[in-house]
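Trainee: sequence? don't have it. structure:
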């Protein structure tokens, strides 16, 4: 039997469905709320059955406790899964060696809110980014909250954790990937930069931005033009603007 310490919990329909479709062998058990028999749940149970994943029933209070939710603010949607605790290790080389187009990467510096990380993964998936890279320290990590917010993108977009972000940026540059950081005081806007070649966008936390060494390592900096009264955007919104501008340029 799998030890509890060797598993972790994920919750929500999108996250669990994506895990089943992309790595069903990592799903050890799915726990669902008693009495829930709607179409969404039936579809999930059918998918679990096709992969021969064990399903058990539980009351809502236990699911609330497992997901860290409370009462009506619960976000588990009536379904929690116990999955393998160790994600498959993947490196930037693993990603780059199989690409059929110029690399498009999202680098996150000092993102400590798992909701923001999850949203960035979702944006990266939508834009067709090939990986999201983040440092081991000064970052929230890919926890259950980030996985749920990602709505399945945590299993489709490689999430690469590095011990030294500046060194990893230099390694990208050695591979002829143009590293662009976002900064409010940059001289050029994101739309003025050629992004048709291999590109890595580097974004920092809202407010504090990138760390000094991270910014100094970038090949160039760019800003997102703001036309209203707000001075900054959520990091996931900024990531979407940058990544989709790269896609727009590449599609001519």
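Mentor: That came through, no problem. Predicted model only: the values in this text are computed from it and were never measured.

Trainee: residues near the residue lying closest to residue 163 once chain neighbours are set aside, how many?
Mentor: Using CB to CB, 6 or more residues apart in numbering and skipping residues adjacent in sequence, the residue nearest residue 163 is residue 136, 5.3 Å away. Backbone N, C-alpha and C define where each C-beta goes, glycine included. If you count neighbours by other CB atoms under 10 Å, residue 136 ends up with 11.

Trainee: any figure for the gap between residue 136 and residue 193?
Mentor: To residue 193, residue 136 is 29 Å away according to CB to CB, to the nearest Å.

Trainee: what of residue 141?
Mentor: According to CB to CB, residue 141 and residue 193 sit 30 Å apart.

Trainee: between the two, point out the one with more neighbours.
Mentor: Neighbours were counted for residue 141 and for residue 193 using other CB under 10 Å; residue 193 has more, 19 against 14.

Trainee: starting at the chain centroid, how far to stretch 62-81?
Mentor: A distance of 21 Å separates the centroid of the chain from that of stretch 62-81, by CA atoms, centre = their mean, to the nearest Å.

Trainee: in which helix or strand does the residue located most distally from the centre of the chain reside?
Mentor: Centroid-distance maximum for the chain: residue 35 at 32.1 Å, with CA atoms, centre = their mean. Using DSSP states H and E, residue 35 is not contained in any helix or strand.

Trainee: helices of the protein, residue ranges please.
Mentor: Using DSSP state H, the helices found in the chain span residues 13-23, 39-50, 60-67, 92-96, 114-127, 144-149, 165-174, 212-217, 235-250.

Trainee: take the ones you listed and lay them out in a markdown table including mean pLDDT, distance to residue 105 and mean neighbour count.
Mentor: Formatted as a markdown table, these follow (pLDDT from 0 to 100; distance: least, CB to CB, whole Å; neighbours: other CB atoms under 10 Å):
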| stretch | mean pLDDT | distance to residue 105 | mean neighbour count |
| --- | --- | --- | --- |
| helix 13-23 | 85 | 20 | 20 |
| helix 39-50 | 93 | 31 | 14 |
| helix 60-67 | 83 | 31 | 16 |
| helix 92-96 | 88 | 8 | 15 |
| helix 114-127 | 96 | 9 | 23 |
| helix 144-149 | 89 | 18 | 24 |
| helix 165-174 | 96 | 7 | 18 |
| helix 212-217 | 96 | 14 | 16 |
| helix 235-250 | 97 | 9 | 20 |
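
Trainee: now those helices as TSV including distance to residue 204?
Mentor: Formatted as TSV, the helices of the chain follow (distance: least, CB to CB, whole Å):
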stretch	distance to residue 204
helix 13-23	26
helix 39-50	37
helix 60-67	30
helix 92-96	20
helix 114-127	11
helix 144-149	17
helix 165-174	11
helix 212-217	7
helix 235-250	8
